[in-house]
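1. quick one, structure for this:
(2 chains)
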Amino acid sequence: MRKLLLTVLAASTCLAAPVLADDDKIVVGFATAETGFMQAYDKPAQDAAMIRIKEINDAGGLLGKQIEVVNADTKTDRAEGAKAGLSVIDEGADLVVVSCDYDFGSPAALAAESSGLVSFFLCAESIKAGIQGVGPHSFSASVLAAVQGATMAEWAYNKKNARTFYRLLDTWTEYNKGICDGFDWMLPQLADAKLVGEDTFLNEDASIAAQITRIKSLPQEPDAIMLCTMMPGAVSAIKQIRAAGINSMILNGSGVDGSYWLSAVPDLSNFYVPVQGSIYGDDPNPDVTAFNAKYKEATGGDPSTQYVYPGYVMIDVWAKAVERAGTTDADAVVAELEKMKDEPTLFGPRTFTSELHHQNQARYLIVETNAGKPAVVDQWTISKPIPVADLMK
Amino acid sequence: MGSLLQVVFDALSLGSLYALGALGIALIFGVMRLVNFAHGDVIAFCVFALLWPSVDAVAIIFAGNLPWFLLIPFVLAIGAGLSVLSELLVFRRFRRANPATMMIASFALGFVIRYFLLMLFSSRPKSISLLPELSQPVEILGARIPLLQLITILVTIAVLFGLTAFLRRTRFGLEMRAAAENFTMARMLGVRANRVIMGAFALSGALAAAIALILGSQTGTANIMMGANVMLMAFIATVIGGMGSLAGAVLAGFLIGTVATVMQVILPPDARAFRDAFVYAAVILVLIFRPQGILAARGTKERV
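-> Sure, this is the predicted structure:
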């Protein structure tokens, strides 16, 4: 027993020692994927986070201290994720930043939670990325997938006069289901909007011909197709829908933002995506365009999708909370974050509550792709936030 | 009528894809009892061969810019070349190994190809516009179907006829069939084993390339995992078709394509998400009643 006690004591001193040692700096630990397939999603958001950190450091730091960054590679592996989380915690992280996706980010986030540290998912869009799936110190920097589906439904109804909707769900991920859940929540609230049909497919399906045949056998082409899917299956689905001669408006989640894939569907039109900020140089906020230039300077390339932006928002809101709390102590920072209501950021207002560490209502820019050219055409905020109870269904 | 015809075309085009894949696997299994799990990765490799290596989000199209009459032979040659190379470098050393060892080797080879692509292109799926002329609808007897679907079906039928003629009418085909039936006996009678096996690999690789062309222009995407799904379905098709039976593989490929399409049509919306479970249930049923496959190959019977 005494031996066990000693071991525990020794272990906890080991863990605590580095934290005590760095009073003159604040440490942000990135337990994210530097290798493996998540790297393509984590890296851009992390680059954006680094830009905000540099801005803060250049302006004199946070609480008068410089922010230092430590990294650990999750290798796109859940077991490695937990190790990476522990590794940055050992190095004294005050904030643990974890992978973009709930499944890949949660092991590191749980490690942070059990050490009583604040964790932020880079851009996870499931409600589980936060209090519900990790604990009271966990947040996500992005907006819930359901808000994207709800935004597109309400916007198309009001601005495009869409009345008949078709729902096409790719059952591969929680993110996809999230988009359609938001759509399902919004649709009954829109007077005389009708769901004329629904179908599912799998992201890896080589062909969705049968699903397309079902759309084509409707007496009338639907006004809008709510397409709840993500890359790479999204391109395939969109391409096949258009190749079959269906010209309905296609509504999507933010996962298909970006022009990098548009060459696959030449002259795509009538295609709408909600985004937090525009990568196309036409954001209504000129500061976003300025950020894009800064990003290009730092990384050598333009942002390829809107998923760059949550990384910047994350450091921004966390640093503000630390500044207001006057400490990096997790509970104090969480309390300050939870006080944020419509806190302005470069990419729209952000709100956190003690019930939800995620956005269940957010301003979205609407990007229309017309003849293969995407451009911001409008912006929309859903008329009311999606209740947490509906998100948990 | 129009929509029934549409379903028929949907089923045939999906079935074609699986049939081509199954044929590629059955060809190699026939001559050397190897289930080549690297086949799916050969498919992915053929699509990536059209791009210039880069880890950027935007694909740099390289060979993909060739006109179609050069592009198609180029991709077929890449598929055949890679497949022959894998025989020369890897499988030849396993000639006397048991089938399980060879299967593991093929898995390993698949990983090598996949991670090679990952290294050059990153995990991010790339978009390519491959043969965009095919992405338009055509009208046939009241059904509006994508041109590509029609071409897929026609190409598959042409490949099947071509292959049948090749196997029945040429000396090489005769040797291959003899090797598939009884490899040892064929060798004793003067069939040059290495040449036959290499030929089977080349044909199988070219079939993988044909799938790559169809998948690439259908989905517009190059993804390092893109061959996996077709490979799995094609493997199942070779099993229920009767391992080693070429006709059985093709038949089973079309059967699986049809079952998957019909399930998508008749299942209620809530059950559609589990479509593949129903497809696999059908596979299990077939195997319970015909464990040797629909058309068992003569050469494999005594091995069961």
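
2. any low-confidence regions in the stretch 201-304 of chain B?
-> Applying pLDDT under 70 to the stretch 201-304 of chain B flags residues B:297-304.

3. ranges for the strands of it?
-> Under the criterion DSSP state E, counting those that start in this stretch, the stretch 201-304 of chain B contains strands at B:221-222.

4. and it, which residues reach chain A?
-> With C-beta under 8 Å from any C-beta of the partner chain as the criterion, the stretch 201-304 of chain B comes near chain A at residues B:215, B:218-221, B:223, B:225-226, B:228-230, B:260-261, B:264-265, B:269, B:272-273, B:275-276. Heads up, the C-betas are built off the backbone N, CA and C, glycines and all.

5. ok, 10 Å please
-> Contacts of the stretch 201-304 of chain B with chain A, taken as C-beta under 10 Å from any C-beta of the partner chain, map to B:211, B:214-226, B:228-230, B:232-233, B:257, B:260-265, B:267, B:269-276.

6. could you turn the buried ones of those into a PyMOL selection?
-> The PyMOL selection below is limited to those of these classed as buried (16 or more other C-beta atoms under 10 Å in any protein chain shown):
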select buried, chain B and resi 211+214+215+216+217+218+219+220+221+222+223+224+225+226+228+229+230+232+233+257+260+261+262+263+264+265+272+273+275
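
7. can you tell me which of the residues of the stretch 201-304 of chain B next to chain A end up in helices?
-> Assigned to helices by DSSP state H, the following of those qualify: B:211, B:214-219, B:226, B:228-230, B:232-233, B:257, B:260-265, B:269-272, B:275-276.

8. the strands in the stretch 1-150 of chain A, which residues?
-> A:25-32, A:66-73, A:95-98, A:118-121, A:138-140.

9. any chance of TSV for those, columns mean pLDDT and distance to chain B?
-> Conversion of these to TSV gives the following (pLDDT from 0 to 100; distance: least, C-beta to the nearest C-beta, whole Å):
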stretch	mean pLDDT	distance to chain B
strand A:25-32	96	14
strand A:66-73	96	14
strand A:95-98	97	18
strand A:118-121	96	19
strand A:138-140	96	22
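
10. turn those strands into CSV, columns for distance to B:L150 and mean neighbour count.
-> Shown next, in CSV, are the strands of the stretch 1-150 of chain A (distance: least, C-beta to C-beta, whole Å; neighbours: other C-beta atoms under 10 Å in any protein chain shown):
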stretch, distance to B:L150, mean neighbour count
strand A:25-32, 46, 25
strand A:66-73, 48, 18
strand A:95-98, 48, 30
strand A:118-121, 46, 31
strand A:138-140, 46, 30
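
11. which helix is the longest one in chain B?
-> Counting by DSSP H, the longest helix found in chain B is helix B:2-32.

12. does chain A have contacts with it?
-> Yes: using C-beta under 10 Å from any C-beta, helix B:2-32 reaches chain A at B:2-7, B:9-14, B:16-18, B:21.

13. how far is that helix from where the chain is centred?
-> With C-alpha atoms, centre = their mean, to the nearest Å as the basis, helix B:2-32 stands 8 Å off its chain's centre.

14. after it, next one along is what?
-> Tracing the chain past helix B:2-32, the next element assigned as helix or strand by DSSP states H and E is helix B:39-48.

15. avg pLDDT for that following helix?
-> The average pLDDT within helix B:39-48 is 95.

16. let me know the angle separating it from helix B:2-32.
-> Angle, helix B:39-48 to helix B:2-32, by axes from the mean of the first three to the mean of the last three C-alpha atoms, to 10 degrees: 110 degrees.

17. against which helices or strands is helix B:39-48 packed?
-> Here helix B:39-48 touches helix B:2-32, helix B:68-89, helix B:99-121, helix B:193-219, strand B:221-222, helix B:226-241, going by 3 or more C-beta pairs under 10 Å, 6 or more residues apart in numbering or on different chains; DSSP states H and E.

18. please repeat the previous calculation with a cut-off of 6 Å.
-> If contacts are counted by 3 or more C-beta pairs under 6 Å, 6 or more residues apart in numbering or on different chains; DSSP states H and E, helix B:39-48 sits against helix B:68-89, helix B:99-121, helix B:193-219, helix B:226-241.

19. picking up where we left off before, the longest helix of chain B - contacts with which helices or strands?
-> Applying 3+ C-beta pairs under 6 Å, 6+ apart, we find helix B:2-32 packed against helix A:209-216, strand B:143-146, helix B:147-169, helix B:171-181, helix B:193-219, helix B:226-241, helix B:246-266.

20. swap in 8 Å and give it another go.
-> Under the contact criterion of 3 or more C-beta pairs under 8 Å, 6 or more residues apart in numbering or on different chains; DSSP states H and E, helix B:2-32 touches helix A:209-216, helix B:39-48, strand B:143-146, helix B:147-169, helix B:171-181, helix B:193-219, helix B:226-241, helix B:246-266.
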